[in-house]
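**Student:** Curious how this folds, go ahead:
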Amino acid sequence: MTIHERPFGRCFEDFVVGDVYRHWPGKTITEYDDHLFCMITMNHHPLHTDAWFAEHDAVQGRNVVVGNLVYSLALGMSVPDVSGSAIANLEVESLVHRHPTFHGDTIYAETEVVDAVESKSKDDRGVVTVETKAFNQHGDEVCSFRRKVMVWKRAALPERRRPYERDVSA
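**Tutor:** Below you'll find the predicted structure:
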């Protein structure tokens, strides 16, 4: 029998400037997703929650998904490939919404490694800068953001443990 561990995040040495991680799967945003996110975050703007308002008073003529949901989905999609083993998310340098997202759109994301710098104060870690782009099902870039993530170097990466595992070597 072989036990396979699913990779979740990377250590500093795994990040190569110019590499692109295509995150999978995508996520179709439902009206329910959008309304729930709006209510949880107390964003009650009628552009997101009132179909009549959106049809009659919005430029797009229909409800628009709240931008922070789109950003949050793309960020979440990137976690297994980028920050699943991170020490900390340090900074979001930029966040740009390029096109609106609508109920029923499916979001896909990919992340490019922009920079990787060893820590000057601690030799067990480094800081990686990545740019994540979110696309809809038509290939339109709907959102992009650049962030800095502090990650462990391979030698310092904590072992993954599960509370139910026991030491079989003893």
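**Student:** only C-alpha atoms for contact and neighbour calcs from this point on.
**Tutor:** Noted.
**Student:** ok, for the residue nearest to the spatial centre of the chain, nearest residue in space, not its chain neighbours?
**Tutor:** Closest to where the C-alpha atoms of the chain average out (Cα atoms, centre = their mean) is residue 75, at 1.3 Å. Distances taken as Cα to Cα, 6 or more residues apart in numbering put residue 132 closest to residue 75, at 7.6 Å, once the chain neighbours are dropped.
**Student:** Who does that neighbour form a beta bridge with?
**Tutor:** The partner list for residue 132 in beta bridges (DSSP bridges) reads residue 111, residue 145.
**Student:** give the contact list for it.
**Tutor:** 74-75, 78, 109-112, 144-146 (Cα atoms under 8 Å, 6 or more residues apart in numbering).
**Student:** which helices and strands sit right next to the helix or strand harbouring residue 117?
**Tutor:** Here residue 117, judged by DSSP states H and E, is contained in strand 106-118. Applying 3 or more Cα pairs under 8 Å, 6 or more residues apart in numbering; DSSP states H and E, one finds that strand 106-118 contacts strand 20-22, strand 27-28, helix 67-78, strand 125-135.
**Student:** which of the ones you listed sits most buried?
**Tutor:** Highest mean neighbour count among the helices and strands packed on strand 106-118 (mean count of other Cα atoms under 10 Å): strand 125-135, with a mean of 23.
**Student:** between that one and strand 106-118, how many degrees?
**Tutor:** Strand 125-135 and strand 106-118 are oriented at 160 degrees to each other (axes from the mean of the first three to the mean of the last three Cα atoms, to 10 degrees).
**Student:** how about low-confidence regions in this structure?
**Tutor:** Scanning the chain for pLDDT under 70 picks out 167-170.
**Student:** related to what we said a few turns ago, so how do I select the buried members of the contacts of residue 132 in PyMOL?
**Tutor:** Per 16 or more other Cα atoms under 10 Å, the buried members of the contacts of residue 132 correspond to this PyMOL selection:
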select buried, resi 74+75+78+109+110+111+112+144+145+146
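**Student:** got the contacts of residue 132 as JSON lines, with distance to residue 125 columns?
**Tutor:** Converted to JSON lines, those look like this (distance: Cα to Cα, whole Å):
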{"residue": "74", "distance to residue 125": "25"}
{"residue": "75", "distance to residue 125": "22"}
{"residue": "78", "distance to residue 125": "20"}
{"residue": "109", "distance to residue 125": "26"}
{"residue": "110", "distance to residue 125": "24"}
{"residue": "111", "distance to residue 125": "20"}
{"residue": "112", "distance to residue 125": "20"}
{"residue": "144", "distance to residue 125": "26"}
{"residue": "145", "distance to residue 125": "23"}
{"residue": "146", "distance to residue 125": "20"}
